[in-house]
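Participant: Just to be clear, the model below is a prediction. Sequence and coordinates:
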Amino acid sequence: QVHLVESGGGLVQAGGSLRLSCAASGRTFSNSDVGWFRQAPGKEREFVAAIRWIGGITYYADSVKGRFTISRDNAKNTLYVQMSSLKPEDTAVYYCAVRPASVLRLEVAGSYNYWGQGTQVTVSS
């Protein structure tokens, strides 16, 4: 079993930055794909970014590419996403997710086994 706890959310003005963290317990990040998703009110959960265990390759949604950077610290069992140039449309609850290493597409939320409780990010205009 994996327990994930996100932190770092908050209120920020447009153009600002935030760094979200996701600490894992109960299982290490080894041999795991890790990712961030978000869900805005009235919308479906959407993919933000992920790191594939095999090859350590990072993937980003087009909407955040160039503004967000995902990283992982396997020694600390912690996942991060550095968010810059934030826009009001980035406002959402952000979730981290983990699954065993796979060749499945990273942006499919249903392919992840473990989820955090979410952290709210609000970007004011």
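Facilitator: The structure has been received and is ready for your questions.

Participant: Do a quick rundown of the strands in the chain.
Facilitator: In the chain, the segments counted as strands under DSSP state E are 3-7, 10-13, 18-25, 32-39, 46-51, 58-60, 68-73, 78-83, 92-100, 114-115, 119-124.

Participant: Output the ones you listed in CSV, with mean pLDDT and mean neighbour count appended to each entry.
Facilitator: From N, CA and C alone the C-beta is placed, and that goes for glycine too. Below are the strands of the chain laid out as CSV (pLDDT from 0 to 100; neighbours: other C-beta atoms under 10 Å):
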stretch, mean pLDDT, mean neighbour count
strand 3-7, 96, 17
strand 10-13, 98, 13
strand 18-25, 96, 19
strand 32-39, 97, 24
strand 46-51, 98, 21
strand 58-60, 97, 18
strand 68-73, 96, 17
strand 78-83, 97, 22
strand 92-100, 97, 22
strand 114-115, 96, 18
strand 119-124, 98, 17
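
Participant: so what's Asn31 closest to, chain neighbours aside?
Facilitator: Ala101 (4.8 Å; C-beta to C-beta, 6 or more residues apart in numbering).

Participant: who's in contact with the residue nearest the centre of the chain?
Facilitator: With the centre of the chain defined as its mean C-alpha position, the nearest residue by C-alpha atoms, centre = their mean is Trp36, 1.9 Å away. Residues near Trp36 by C-beta atoms under 8 Å, 6 or more residues apart in numbering: 20, 22, 48-50, 70, 79, 81, 94-97.
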